[in-house]
Every structure is written in structure tokens, then in C-alpha cells.
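Undergrad: Structure of the sequence below:
(chains A and B)
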2 protein chains.
Amino acid sequence: MATSWSMGPGTLEVPLSLFAKNRSRLADKLKSGQVVVLQGGEDISHYDTDIEYVFRQESYFTWICGVREPGCYFALDVATRKAHLFIRRLPEDYEIWMGKLLSCDDFKKIYAVDEVHYVDELQSVLKSLNPETLLTLCGPNTDSGLTAKEAVFEGIDEFKVDNEILFPIIAELRVIKTPEEIEVLRYVCKVSSDAHKQVMLYAKPGRKEYQCESVFLDHCYRVGGCRHVSYTCICGSGHNGATLHYGHASAPNSKLIHDGDMCLFDMGGNYAGYAADITCSFPANGKFTEDQKLIYEAVLAGRDAVIREAKPGVLWTDMHLAANRAMLEHLKKGGLLQGDVEDMIANGIHGILQPHGLGHLLGLDVHDVGGYLPHCPPRPSGPLARLRTARPLLANMTLTIEPGCYFIPRLLDGAKNNPAQAKFFNWEKLDKFRGFGGVRIEDDVLITEAGVENLTFVPRTVAEIEEHMANGANFKGS
Amino acid sequence: MATSWSMGPGTLEVPLSLFAKNRSRLADKLKSGQVVVLQGGEDISHYDTDIEYVFRQESYFTWICGVREPGCYFALDVATRKAHLFIRRLPEDYEIWMGKLLSCDDFKKIYAVDEVHYVDELQSVLKSLNPETLLTLCGPNTDSGLTAKEAVFEGIDEFKVDNEILFPIIAELRVIKTPEEIEVLRYVCKVSSDAHKQVMLYAKPGRKEYQCESVFLDHCYRVGGCRHVSYTCICGSGHNGATLHYGHASAPNSKLIHDGDMCLFDMGGNYAGYAADITCSFPANGKFTEDQKLIYEAVLAGRDAVIREAKPGVLWTDMHLAANRAMLEHLKKGGLLQGDVEDMIANGIHGILQPHGLGHLLGLDVHDVGGYLPHCPPRPSGPLARLRTARPLLANMTLTIEPGCYFIPRLLDGAKNNPAQAKFFNWEKLDKFRGFGGVRIEDDVLITEAGVENLTFVPRTVAEIEEHMANGANFKGS
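TA: Predicted structure coming up:
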């Protein structure tokens, strides 16, 4: 029986007890007679071809059993606490094309589950468990507006199915991380931090944004065993730093980096399904100008305020405002803004400069589970509506803290034409920042009983960044 | 008006005339009154989250217009030969999150098409063209068994639609490459060849298979501008070389490479949608043993036979057999097989050692368009049924030539227990090869009027490979 999984020597051994503990926590919240049924992900082809995307498992399925194969189902019998995995019955010649044809017994050993059957036995095995109710997963992801895919199988109509009980329970369990999960997050954040450090050594004027992305991907995979990243890499230089989700196919990190550009690189690896999500902002040429330093240190002041103040019981909405306040205060000192900071907030100046929320839950998904679960505070109206959660913090939550300051032409023009907002800006100075792009500083943190443990290890102060980048000869690539 | 697209300095400028010529070739085969309507690909989320796979455009859509954005439609009016692109109407705040909000006029300039409208104008614009028939795409991909996605839109039922005329015509046009397409294939094969050469310098005992995959991906992207590869990298070492499609999520290139292993690495970049598909097989430690040399040179003899004999008019099935014959001949000389080679073929010995076909069409898809189009020779029965095409070759086809020799336990055991096959093997010698894995040599070639132009530039002979690998200090990475 295997006790762990890894990508080989030098990568983290993820204990299979991580998943067993998740199941046990879930069973504790449910009743005898209930059987949880989850359906895993399927392979996805490139259109009508026989080429497929590299499979990524659905996150609830990973959470409950860690199984990496497509086409599976999983059942947790609350009465016996037994874990039943259902796998594809594959043709014999699968072995020639796809690798060793694993038996049910092999799967049992690999994943340390109690029973393994074939998917075509799902109905009969579930019947034999004699459940009062099958619990399936159905609930909204408030980040995407999509719904978790409910398990369906031939013969499910012969059971009493409830698709409401499970979602809020399992989603909330995912929010609160176990020590085993925290170890995985710690690892993937460390690998991703190191990859960012490599990128900072590689990036320079004359290189293309996507070349930096490639260095990041290579470090995460080759050194850290992360085959996937958790989201499309955002590698904005210069004005592209003001495009919050830059990097997708229509804006594919393809600009040349110029001398004088700030780089805003938001990238995170994925290991065993768990996500990192880290942003570093730095001058492409390794030396901050006074203007770059002003914006950077304003954002850093926002980050520092949250790191200082976040702890169990504190509201995320308050943290968001604390970060914004610190940032505005710093920009005012720097002469970019004028007037009273509370007045600025009352007039939405923070939303002009940072149109996104402070951060989000982090775990198996980068925007983990959706921050507005049924039992949680609802999405605020007004300027705070962009926040991905409004929850009070709890110990063992993991989140991103990611304040930013951007010079977005549409938003600045809107503010300039709005007398209630225009008066807070020193336009002569501010207009020099058009084309600057933006700065974001994003850390992945664990909420502890005492406050915050930062899982991110990258150069953060101006001095640290300049020192790291001056040390460019140490880059381990070409 | 743009005239080309590239991933920046140092990468290939793909002329937009490539796509204009494709449209013109298509219009030449159709009639006035017909309007071709294609639907482009859509973004795909990771399950219920707001994270998406990096978008890959559908290949017929790329072929006709090269558009890289999701959610588009395209219409070609045969009467006027005008190219109409239909783009998403995006909300204004798209700009904040996703980048500059491009107007129809911007799209017109970027893709050099005649007219650009919004998707919600599709019905009215098509009506204004007053078509007799809309031609939509619907046809089988014989490699996958799937069907090309037919265009659908609100109001299509008000038109006369034909979904049979287009497929065989456009698929056949895709099979025969234009000089502009050949230039792109030449580039992506060169980038992929160089990436393989880097991998050969990097691979060594003690490294993991996926680390080699990472080096390949990094070279293709960072140096060649290929954000995608054309299929999941197959990085089999030792016994994994006998798993033909190794490398997927259930067999994720995670083995440690050992001294004495052969490596079989099948990987190809993708540029502007066009695919490379190259396999290199080499000893992990850089020096062939006599056994490794025997198998390698048998496969190379198969490859050489095809390179020598392939030319317009020749049947692909005959090329397959020519490769197999040369390979069996060599293995017989080496004492692994015995008896008459034609008898071996009559008894299916080639299918034991190489259970796959010689190769496939290559283009925008790695297994391009499906090799059994309606007007082509049908799939053979019997041992040749595995071939991906049975066509006679035509000038300006691009294909892979990929003979291989594998030691697959299930197939060898079957042969041993089958007296009609067992007698051809020298089992004492052959049993030493259990666990050897396999060798595949895969080139991407262009069929010319005279024969074959090889687009692949990697060390191929035993001497070339050993010399290249001895030169390991030149590897440009860590």
C-alpha cells in the first residue's frame, strides 16, 4: 500500500492520509445512511481530433481522494466510512498505447482507498450499500458563476438523491486547510517563489514577456515537479501591467520588454492539485526610478498593512480598505494624490487605482471554492462588490493578499471628468504615469491563530529586489 | 493593414496571405451563391472555476482566417470572395481585465479580412449576402472518430443549409500544403528539432523524464515562440518506451532515467497553429550498446527505405510495408529474427514489433484532417487497419515517417504462444530485450515532385547521436 505520492526525488511526498483526513472530516459532518457520490473529470479533446489537453482533475474529486485518472467516480459511505473508488474498465490493448493496465487492486494500493470497482458496477455497488440518500454536489462557484458538476450515472433515478446538503459542507471544509494540505501549499508556494526569482534574474530589456513565462514554467516543472500552473501566466511589461488578466490568447505575453518598463508578473505553479498564486512587480532593468519606487512602495505599504492586521475574526472587507488606505496615504505623501484619504475612499479613488479586490481564498483552485458560500456574508454592493469574499478570517484559511496600483486610461479619464474624483489627483504629476502600467504585490498567506504566516519567499522591498537583480549572473539558464 | 503575424523578433513572420490564399483556393472549388460559414472555438473552463485553458483555435477556422480569438464566426461569400469575420461584442470593462478593446476596424487590420462585424449581426449580414446556400462543416475525423463542429447560430433555420458539400473539399485542401504553409511547417520543425537536440544534451541517468519534457517545452516557447506543443509530450525511458502514447496524466513522464535506458522522446511544437511531430530515440548515457544499436539501426533502415522510396503516386500502405521489411531484414541479420521476411510479414511479425502505422498526415493538426477522407481509399482490413491513411502520395502533402520497434510484453507473449509466429523469433536472444522498451524514429517530411524533403534536423545515425551527446557541455540550461 502506497503511503504517499510525489513527482520523484527532490519533490514533495504528499501523504495519502491528506485525502483520508478530508474524507473523515466530511463524514463527521454527515449522517449514517448518507452516501456521498462524486464524479471525477473527463478528458477533453482538441475539437474533433484525437489529441487531448493534459488531464486536470476536478478539485472536489482531488480533495476527497487525490485520484489522477479521468473517468472515475467516488463514493463515501458515511455509515462505514469506507471509500469506494470506481475506475474505467479499459480494453486490453490500452496497455500497448497508454501504459500498464492497472487492476482494481493496483488502484487500491496507489490511492489507499478501501474498495475499488469498475464504473459499470456503480449502480450495483451503491445498491449494496443500501443508502437512504445519495448526496451529490451542486452549488454555485461565486467567482465564475458556474455550477459544480453533479454526478450522473445510469440508474441514479433508482436512488433518493439530495443535491443540496453536500455543497455547503464540503466547500467549507475545503476553505479550512489541514496541516497536510498546508504542507503542500507551502511547497508549491516555495517552488513558485523560486521560479519568480529565476524570472527576475532572466528578465531584461530586449527579452519578450513570454520568454519570462517560459522560464517560470520550466522552473516549476523541471525543478518543482509542477506539470501545471494554476492559471494562465500574466506577464505584463510596461503598459500591459495595467491589464489585470493579461496573458490570455488574445493578449499572449508577446510584447518586447523595454528599458524603463515595470514588469508585473503574476504566476503560480500547481502541485498535487494545490495552487500557488504569486505576483512580483519589478523594474525590467533592475533599478527603480523614483516614480516606480513611489508606486511600488505605496502598494507595499498596502500589503504590509494587511500582513500586520489580518488575523482570525477580522473582516476581509476591512483588510481591503486597510490596504487601500495605506496605499492612498503613501501616494498622497508622494504628491500624486491630495486631500483627505477617508474622503478619497468615500469617493471611490481606491477603485480607480485598484479596480480589483484585495485577494481571494486559495487552495485546490486558485480562486478557491467561491468566497460567497451560502452561510457566509453576501457580496457587498457598491465599490466593495469586486471583492471575491467578504468573510471574517478564520485560522487555517489560505488566501492571497494582492493590493495593486494601476494606471488604466479608461478609469483615469473617467475620474478626470468626474469633479467629485478629479480633485483628489495631482493631474500634472499623474499624467506622467500614463503608460506606466501597474504594480501588484501578491503573497500567499496562511491565517494562523496569531495572525499571518507568509508562504511566499521572494524579494519584496526595493532594496531586496535591486540586490537580487544585480546578482543576475546566478541565473541558471540561458 | 498588417501583412504578417509573429511572436516577435527572432520568430517566423507568418504572412496573412497564407490564409487569403487558402480562402481563394476554397472559393475556386465552390459556386457563386454559396456562403461558407465556420464557427471558431470557445474558451474552456477548468470545471466550475473561472480559470480557463489557454485558448487553442479550431484548425479549420485557423486555416481559413488565422484568427486567434475565441467566440468568432467566419463567412466566405463565394460570389464576391469577400471574407467576413464576426467577433464578440465585449463589455467596456473588458479593457480593464483583458486588454485593449479592439474595434471591428482593428480586427480588419490585424487579420486583413474584408469585413468585420459582431457575432450578433451574423444573421442580418448573412441575409444581406442573399445566399442560395450556407455551407457548414460536418464530417468525420477518422483518427478520432469525432465530427467537426458544425456552425450554429440564432436564426440559421431561416437559411438553406448544406452540411455535406464543404467537408471533403476543405479537408482535401488542408492535405495539400501551399508554399506559405510549408514555410511555417519548416519553421516549427526546425524549432522542434533544435529543442530535441537540447533535450539530448540534457537527458542523462538520474534525471526524470519530465525534466526532459520541460527542457523541450522551454526551448520551443522561449526560443521559438511556440506557446503550445501539438500533443502531450511522450518521454519514455527504459520500459516506458514500449508504451506508444506514454506521457498522459496516468503515466506522466515521471520515471527516473537509469543508466542503460534507451530514451524514446516524441514531442513537437506548434507555431501559428501548425504542428511538428518528431521522435528521437537515444541511449540515456550517450553511448549505444550493441543491443541498442541493433534495434536502432533496424528502425533507421526502415526510415531510410521510406525516405528513399516515397514520392507522388506511391501508396502509403506500400511505404509502411517497405519500412517494416527493411526493419525485419536488419533484425534478421542481427540474429533476433529468423526465416523469410515475406513469410514474417504474412504472419504479422511486423505488427508484433510495430503495432502502429508508419505515419500520418501532418498540418494544423498533428494527425491532420483524418487520413480516410470520403474520396480516398478506405481503411484496409487486417494488419494494415492501424494505418492512419492508405492514400497514394501527392506532391505537397506533409506527413510523418515514424517506424518503430517495441518490446511489448503482451504482444511478445502472444507471439510466443502462437506457433505460426513463434518460429520467427530467436527467443533466447529476444527475451534479453524484455524491459528494453522501444525505438521510434519520426521525421516530418514534405512530398515533393521528386521525392521527399525532410523537414527534421536532428542527429539520426548512431555516430551522429553519440557525437552530439558527447558535446553535452554546450547545453544552454541547468
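Undergrad: hey, where'd the strands end up in the stretch 1-150 of chain A?
TA: Assignment of strands within the stretch 1-150 of chain A using DSSP state E, counting those that start in this stretch yields the ranges A:4-5, A:14-15, A:34-39, A:73-77, A:82-87, A:115-118, A:133-135.
Undergrad: What is the neighbour count of the closest residue to A:Phe55 other than its chain neighbours?
TA: With CB to CB, 6 or more residues apart in numbering or on different chains as the measure, B:Ala249 is the residue that lies nearest to A:Phe55, at 3.6 Å, once sequence neighbours are left out. Heads up, the C-betas are built off the backbone N, CA and C, glycines and all. Using other CB atoms under 10 Å in any protein chain shown as the criterion, B:Ala249 is surrounded by 19 other residues.
Undergrad: Would you mind giving the secondary structure of B:Ala249?
TA: Secondary structure, DSSP: H, G, I helix; E, B strand; the rest coil: B:Ala249 is coil.
Undergrad: Quick check, pLDDT for it.
TA: Predicted confidence (pLDDT) for B:Ala249: 92.
Undergrad: ok, now how distant is it from A:His228?
TA: Separation of B:Ala249 from A:His228 (CB to CB, to the nearest Å): 10 Å.
Undergrad: What of A:Ser192?
TA: With distances taken as CB to CB, A:Ser192 is found 12 Å from A:His228.
Undergrad: Quick check: neighbours shared by these two?
TA: Overlap between the contact sets of A:Ser192 and A:His228, as judged by CB atoms under 8 Å, 6 or more residues apart in numbering or on different chains, is given by A:Gly269.
Undergrad: Those two - which one has more neighbours?
TA: A direct count of neighbours by other CB under 10 Å for A:Ser192 and A:His228 places A:Ser192 higher, at 31 against 18.
Undergrad: Nearest spatial neighbour of that one, chain-adjacent residues omitted?
TA: Excluding the flanking residues, the one nearest A:Ser192 by CB to CB, 6+ apart is A:Ala276, at 3.8 Å.
Undergrad: low pLDDT regions in the stretch 351-478 of chain A?
TA: Across the stretch 351-478 of chain A, the stretches falling below the confidence threshold (pLDDT under 70) are A:472-478.
Undergrad: Can you show me the helices along it?
TA: Remark: helices of the stretch 351-478 of chain A, listed N- to C-terminal, are A:409-416, A:419-422, A:427-430, A:462-470; assignment by DSSP state H, counting those that start in this stretch.
Undergrad: Would you indicate which residues of the last one are buried?
TA: This points to helix A:462-470. Taking 16 or more other CB atoms under 10 Å in any protein chain shown as the basis for neighbour counts, the residues of helix A:462-470 that come out buried are A:Val462, A:Ile465, A:Glu466, A:His468, A:Met469.
Undergrad: returning to what we had before: would you mind giving the strands of the stretch 1-150 of chain A as JSON lines with mean neighbour count, mean pLDDT and distance to B:Ile110 added?
TA: What follows is the strands of the stretch 1-150 of chain A, written out as JSON lines (neighbours: other CB atoms under 10 Å in any protein chain shown; pLDDT from 0 to 100; distance: least, CB to CB, whole Å):
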{"stretch": "strand A:4-5", "mean neighbour count": "16", "mean pLDDT": "98", "distance to B:Ile110": "45"}
{"stretch": "strand A:14-15", "mean neighbour count": "20", "mean pLDDT": "98", "distance to B:Ile110": "45"}
{"stretch": "strand A:34-39", "mean neighbour count": "24", "mean pLDDT": "98", "distance to B:Ile110": "41"}
{"stretch": "strand A:73-77", "mean neighbour count": "24", "mean pLDDT": "98", "distance to B:Ile110": "45"}
{"stretch": "strand A:82-87", "mean neighbour count": "23", "mean pLDDT": "98", "distance to B:Ile110": "47"}
{"stretch": "strand A:115-118", "mean neighbour count": "18", "mean pLDDT": "98", "distance to B:Ile110": "50"}
{"stretch": "strand A:133-135", "mean neighbour count": "21", "mean pLDDT": "98", "distance to B:Ile110": "50"}
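Undergrad: Just send these back as CSV, with distance to chain B too.
TA: Output for the strands of the stretch 1-150 of chain A, formatted as CSV (distance: least, CB to the nearest CB, whole Å):
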stretch, distance to chain B
strand A:4-5, 10
strand A:14-15, 13
strand A:34-39, 11
strand A:73-77, 15
strand A:82-87, 10
strand A:115-118, 15
strand A:133-135, 17
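Undergrad: Indicate which one of the ones you listed is closest to B:Leu135.
TA: Evaluated over these, closeness to B:Leu135 peaks at strand A:34-39, with 38.4 Å, by CB to CB.
Undergrad: now A:Ala275: how far from chain B?
TA: When CB to the nearest CB, to the nearest Å is the yardstick, A:Ala275 and chain B sit 9 Å from each other.
Undergrad: how about the residues of the stretch 1-150 of chain A near chain B?
TA: With CB under 8 Å from any CB of the partner chain as the criterion, the stretch 1-150 of chain A meets chain B at residues A:7-9, A:41, A:44-59, A:68-70, A:92, A:95-100, A:141, A:143-149.
Undergrad: now, which of these lie within helices?
TA: In this view, the residues of the stretch 1-150 of chain A next to chain B that belong to helices under DSSP state H are A:Ser59, A:Glu95, A:Ile96, A:Trp97, A:Met98.
Undergrad: With adjacent residues omitted, what lies nearest to the second one?
TA: If you skip the residues right next to it in sequence, A:Glu95 has A:Leu101 as its closest partner in space, 4.5 Å away by CB to CB, 6+ apart.
Undergrad: Next, count neighbours for A:Lys190.
TA: Counted with other CB under 10 Å, the burial measure for A:Lys190 works out to 18 neighbours.
Undergrad: buried sites along the strand or helix carrying it?
TA: According to DSSP states H and E, A:Lys190 maps onto helix A:179-202. Taking 16+ other CB under 10 Å as the neighbour-count basis, helix A:179-202 is seen to contain the buried residues A:180-202.
Undergrad: and what of stretch A:336-355?
TA: Neighbour-count burial for stretch A:336-355, counted by 16+ other CB under 10 Å, picks out A:336-337, A:341, A:344-345, A:347-355.
Undergrad: would you turn these into CSV with distance to A:Gly268?
TA: Shown next, in CSV, are those (distance: CB to CB, whole Å):
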residue, distance to A:Gly268
A:Leu336, 30
A:Leu337, 31
A:Val341, 32
A:Met344, 31
A:Ile345, 30
A:Asn347, 34
A:Gly348, 30
A:Ile349, 30
A:His350, 25
A:Gly351, 25
A:Ile352, 27
A:Leu353, 24
A:Gln354, 20
A:Pro355, 21
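Undergrad: Widest-spaced pair of those residues?
TA: Those two in the buried residues of stretch A:336-355 that are separated most widely, counting by CB to CB, are A:Val341 and A:Pro355, at 18.2 Å.
Undergrad: circling back to that earlier point, could you export the following helix or strand past the helix holding A:Lys190 as PDB, keeping only the C-alpha atoms?
TA: Next helix or strand after helix A:179-202 toward the C-terminus (DSSP H and E): helix A:209-218. Extracted C-alpha coordinates of helix A:209-218, given in PDB (Å, rounded to 0.1, in the frame of the first residue of the first chain):
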ATOM      1  CA  GLU A 209       7.400  38.700 -21.900                       C
ATOM      2  CA  TYR A 210       6.600  35.100 -22.900                       C
ATOM      3  CA  GLN A 211      10.300  34.200 -22.600                       C
ATOM      4  CA  CYS A 212       9.900  35.100 -18.900                       C
ATOM      5  CA  GLU A 213       6.700  33.000 -18.700                       C
ATOM      6  CA  SER A 214       8.700  30.100 -20.200                       C
ATOM      7  CA  VAL A 215      11.400  30.400 -17.600                       C
ATOM      8  CA  PHE A 216       8.800  30.300 -14.900                       C
ATOM      9  CA  LEU A 217       7.000  27.200 -16.400                       C
ATOM     10  CA  ASP A 218      10.300  25.400 -16.800                       C
END
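Undergrad: How far off centre is helix A:209-218?
TA: Centre-to-centre, helix A:209-218 and its host chain are 19 Å apart (CA atoms, centre = their mean, to the nearest Å).
Undergrad: Who are the packing partners of that helix?
TA: The helices and strands touching helix A:209-218, judged by 3 or more CB pairs under 8 Å, 6 or more residues apart in numbering or on different chains; DSSP states H and E, are helix A:179-202, strand A:234-237, strand A:262-267, helix B:209-218.
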